[in-house]
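**Student:** Turn this into a structure:
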Amino acid sequence: MWLALWAAVASANPCPDLGDKVDQAWALFDDAEIESAKATLVQANGALSCQTDVVLRSDLLALFRLDGLVSLALDDRKSAIYATIRAVAVDHQTGAPPAKFGPDLAELYGVWSDRLGAQPIVIRVQGGGDVYIDGRQLDGASFIEVAEGEHLVQVVVDDVVRSELVELTEHFVVSTGAAGAGPVPMPFIPSETPGTTPPVSVEIPVQNSPSVQRRHPKALLISGLLLGAAGGGGVAWAFTKERSFNEDTYDSPGYQGCAAFAPCYAQARDDQIQKDAGKINLYYGLGYGLSVTGATLVGIGLVGVGSRDMRGVSMSWAF
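**Tutor:** Now for the predicted structure:
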């Protein structure tokens, strides 16, 4: 009954095709209709949870990269950072944007892939069917490691695809709700004592609910404080550099190997000024972005302090 009702609603409200939306946004961006391109990307992002076909990893990267590029064109660095973090979650190892996206987006990806990919989390499956994490196929006989962040989880049982965006901060078990084996043991974690079996994710049975998300409040609180401190440091560094930048007359006898009065001197001087200004803007953006994220995590952590400690979470699907 529930599945039939859900199918009827889906047919009455068709879900936009992600590839088509990204193509439309590119066309608008190429025509310098930046605001319209951003609006189209907002629609595409909003359609992730209603997809009834498995979304390719490449399509997700294309969406988030273009979102970052358009955000930079709108001078919205906060949104560009968010889009980059989502791209890192999809692929924190080889997902760097191609050269056509420019150096700013590549630099953002490098910063966040190093940070979020340093301690990957493990995702496993319990039950039958197939699970796709950001387009990567997974079943009960395997596991994958991903960076912390927002992930598109899709479960396929009897050719029916359910999609859900889930923000993951710890090891995770996807329960498909179909008959099948339990999750495979977690891989060996170097920080664990040799000769012991690493703990598995805690199962949280849920009835009539497509998903459940639990986080360790103390970890969120500590992460928020650390991110806030890092953000404050980034802003302070940028402020100090900005004062020096404003006082610098840029009358050095040479820049980038070009001596004064050489034909290349003026261009080299301009390049240096732009480079310094870009670095200051980047750190301002990172600093403010980390501060906001840190404050949010601290707030969530303070509310949740005292809840039960967990080493993982699970996600149950009702078909």
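
**Student:** that's a strand at Phe245, yeah?
**Tutor:** No: according to DSSP: H, G, I helix; E, B strand; the rest coil, Phe245 belongs to no strand; its state is helix.

**Student:** tell me the contacts of the residue nearest to it when sequence neighbours are not counted?
**Tutor:** For Phe245, the nearest residue in space outside its immediate sequence neighbours is Asp276; the separation is 5.7 Å by Cβ to Cβ, 6 or more residues apart in numbering. C-betas here are computed from N, CA, C, even on glycine. Contacts here follow Cβ atoms under 8 Å, 6 or more residues apart in numbering; on that basis Asp276 touches Lys241, Phe245, Asp248.

**Student:** Report the contact partners of the first one.
**Tutor:** By Cβ under 8 Å, 6+ apart, the residues touching Lys241 are Asp276, Lys279, Ile280, Tyr283.

**Student:** Pairing partners for Arg162 in the sheet, please.
**Tutor:** According to DSSP bridges, the partner residues bridging Arg162 are Val155.

**Student:** Over to the one 5 residues further on?
**Tutor:** For Glu167, the residues forming beta bridges with it (DSSP bridges) are Glu150.

**Student:** how much space between Ala229 and Val235?
**Tutor:** Applying Cβ to Cβ, to the nearest Å, one obtains 11 Å for the distance of Ala229 from Val235.

**Student:** so which strand or helix has the residue nearest to Phe245?
**Tutor:** Following DSSP states H and E, the helix or strand that holds Asp276 is helix 265-304.

**Student:** Okay, and Val122 sits in which element?
**Tutor:** Val122 belongs to strand 121-126 when assigned by DSSP H and E.

**Student:** ok, back up a step: can you go through the contacts of Lys241 and name the buried ones?
**Tutor:** Members of the contacts of Lys241 that pass the buried threshold by neighbour count (16 or more other Cβ atoms under 10 Å) are listed as Asp276, Ile280, Tyr283.

**Student:** Put together CSV for those, with pLDDT and distance to Ile81 on each row.
**Tutor:** Formatted as CSV, those follow (pLDDT from 0 to 100; distance: Cβ to Cβ, whole Å):
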residue, pLDDT, distance to Ile81
Asp276, 76, 20
Ile280, 74, 16
Tyr283, 73, 12
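
**Student:** from these, which single one is nearest Phe101?
**Tutor:** Within these, the smallest distance to Phe101 is 20.2 Å, found for Tyr283 (Cβ to Cβ).

**Student:** Quickly note the distance from that closest one to Glu247.
**Tutor:** Here the distance between Tyr283 and Glu247 works out to 18 Å (Cβ to Cβ).

**Student:** before we move on, what about Tyr132?
**Tutor:** Between Tyr132 and Glu247 the distance is 54 Å, computed by Cβ to Cβ.

**Student:** So between the two, which is more surrounded?
**Tutor:** The neighbour count for Tyr132 versus Glu247, taken as other Cβ atoms under 10 Å, is higher for Tyr132 (20 against 7).

**Student:** just to revisit the earlier point, just the CA trace of the strand holding Val122, in PDB.
**Tutor:** These are the backbone C-alpha positions of strand 121-126, laid out as PDB (Å, rounded to 0.1, in the frame of the first residue of the first chain):
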ATOM      1  CA  ILE A 121      34.600   6.300   7.500                       C
ATOM      2  CA  VAL A 122      33.400   2.800   6.600                       C
ATOM      3  CA  ILE A 123      30.000   2.100   5.000                       C
ATOM      4  CA  ARG A 124      28.600  -1.500   5.000                       C
ATOM      5  CA  VAL A 125      25.300  -3.100   4.000                       C
ATOM      6  CA  GLN A 126      22.900  -5.400   5.900                       C
END
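
**Student:** Can you list the strands that it pairs with?
**Tutor:** Assessed with DSSP bridges, strand 121-126 is paired to strand 143-146 (antiparallel), strand 172-175 (parallel).
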